[in-house]
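K.L.:
next come a sequence and a model predicted from it.
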Amino acid sequence: MREHPLDIYEEQAGDISRVLITEAEIQSRVREIGQAISRDYAGRRPVLVGVLKGVLFFMADLLCAITIAPEVDFIAVSSYSQDSRDRGFVRLVKDLEMPIEGRHVLFVEDIIDTGLTLNYLLRTLRARGPASLEVCVLFTKNRHRLIDIPSRYQGFELPDRFVVGYGLDHRESYRNLPFVGELKPHAFQANSESGNMPHKNGGSK
Ligand code: PRP
């Protein structure tokens with residue numbers, strides 16, 4: 001683990017006001033979640049399904065922390081949430097490569113904000129007849145939640161701030177930071193028409 005995370009990420013460090021969740025805290029929680037999944041799915045071969053792209057970091061570390069032998073697959077969606085008329089419109093742009101009928105599916109997400117993406121994807125996956133379908137999410141933001149969906153495994157609740165790192169981006173930057181930090185206003189205000197804090201990171205998916 002790095003002791004001075006901001007120092008070594010010089011190029012992006014100037015845009016971060018503070019570290020909210022350290023690399024050590026993330027890794028420790030991910031290990032705990034991995035152990036819980038290993039216990040709960042012992043004797044079974046679950047399919048872990050992730051939504052690109054933000055989940056990549058969590059999925060990789062989670063897979064390393066799981067001691068049974070899961071399979072993994074990814075889907076990608078396109079959503080439009082900047083225009084309120086299109087709010088909630090989610091479209092599948094990359095489907096799973098494996099059938100999930102009769103399989104134990106664990107849906108892995110980096111963040112749930114409004115809940116619209118997860119709601120759409122769970123409906124889509126449920127229609128394919130999995131033996132079970134559970135949710136594992138690392139970060140939740142509750143302030144703008146429109147649809148509440150229970151998650152079997154959860155990591156951290158985030159404050160209503162613009163946060164980046166460990167997969168969370170702003171216009172494709174900052175994903176590679178191994179911790180979660182708060183973005184300074186100057187780093188996102190130039191892209192925000194109203195000057196208010198956008199409630200959803202990126203928003204360009
Ligand atoms: C994030 C996350 C979810 C979605 C959740 O993706 O991975 O897919 O937002 O938001 P919601 O609860 O408001 O629907 P993002 O749009 O940031 O794309 P990315 O994973 O490619 O960064």
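P.N.:
Yep, that arrived.
K.L.:
the spatially most central residue of the chain: what's it in contact with?
P.N.:
The chain has residue 110 as the residue nearest its centroid, 1.2 Å off, counting by C-alpha atoms, centre = their mean. By C-beta atoms under 8 Å, 6 or more residues apart in numbering, the contact set of residue 110 is 54, 55, 57, 58, 137, 138, 139, 166, 167, 168. Where you see a C-beta, it was placed from the backbone N, CA and C, and this is true even at glycine.
K.L.:
let me see the contact set for the nearest residue to residue 113 once chain neighbours are set aside.
P.N.:
Spatial nearest neighbour of residue 113, chain neighbours left out: residue 141 (4.8 Å); criterion: C-beta to C-beta, 6 or more residues apart in numbering. Shown in contact with residue 141 (C-beta under 8 Å, 6+ apart): 111, 112, 113, 157, 158, 160, 199.
K.L.:
make CSV out of those residues and add neighbour count, distance to the ligand and pLDDT.
P.N.:
Below are the contacts of residue 141 laid out as CSV (neighbours: other C-beta atoms under 10 Å; distance: C-beta to the nearest ligand atom, whole Å; pLDDT from 0 to 100):
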residue, neighbour count, distance to the ligand, pLDDT
111, 25, 5, 96
112, 23, 5, 95
113, 21, 3, 93
157, 9, 14, 97
158, 20, 12, 96
160, 12, 13, 93
199, 14, 8, 45
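K.L.:
bridging residues for the closest residue to residue 98 other than its chain neighbours?
P.N.:
Leaving aside its chain neighbours, residue 98 sits nearest to residue 73 (5.4 Å; criterion: C-beta to C-beta, 6+ apart). On the basis of DSSP bridges, residue 73 is bridged to residue 49.
K.L.:
longest helix in the protein, please.
P.N.:
In the chain, taking DSSP state H as the definition, the longest helix is helix 23-40.
K.L.:
give me the subset of the contacts of residue 110 touching the ligand.
P.N.:
54, 55 (C-beta under 6 Å from any ligand atom).
K.L.:
of the contacts of residue 110 - the most surrounded one?
P.N.:
Each of those was scored for neighbours by other C-beta atoms under 10 Å, and residue 138 scores highest at 31 neighbours.
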